[in-house]
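In: attaching a predicted model along with its sequence, questions to come.
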Amino acid sequence: RKSALGEAHPSTLTTMNNLADAVREQGRYAEAEVLLRQCLEATKSDFGEAHPGTLTTMSNLANAVREQGRYAEAEVLLRQCLEAKKSVLGETHPD
């Protein structure tokens, strides 16, 4: 997809996120983290910090970091994600 659509295309980023998830599910957390950090930087740059895709990737990255035992770092990422969601969606939104 990268070569056909470009690195920043939403479909490319979704596929990269899905690949990272598949890698993470196999226990390859460090590899998943690298993919998710690349995806996060691209989504932040192209769509902004509060875009749903950015927040999904940030949450997935936090999970990959947590699964490597880096709980404090995962907490920071999840708190950033939560605050962004609250500011965009409001305190009472079901998400």
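Out: Yep, it's here.
In: CA only for contacts and neighbour counts going forward, please
Out: Noted.
In: and Gln80, how close does it get to Ala42?
Out: 17 Å (C-alpha to C-alpha, to the nearest Å).
In: how about Ser59?
Out: Relative to Ala42, Ser59 is positioned 15 Å away (C-alpha to C-alpha).
In: compare the two (neighbour count), which wins?
Out: Ser59 (22 against 18; other C-alpha atoms under 10 Å).
In: report the contact partners of the more buried one.
Out: Ser59 is in contact with 77-78, 81, counting by C-alpha atoms under 8 Å, 6 or more residues apart in numbering.
In: can you classify it by secondary structure?
Out: Three-state secondary structure (criterion: DSSP: H, G, I helix; E, B strand; the rest coil) places Ser59 in helix.
In: gap between it and Ala30?
Out: Distance from Ser59 to Ala30, by C-alpha to C-alpha: 15 Å.
In: check Met58 too.
Out: 15 Å.
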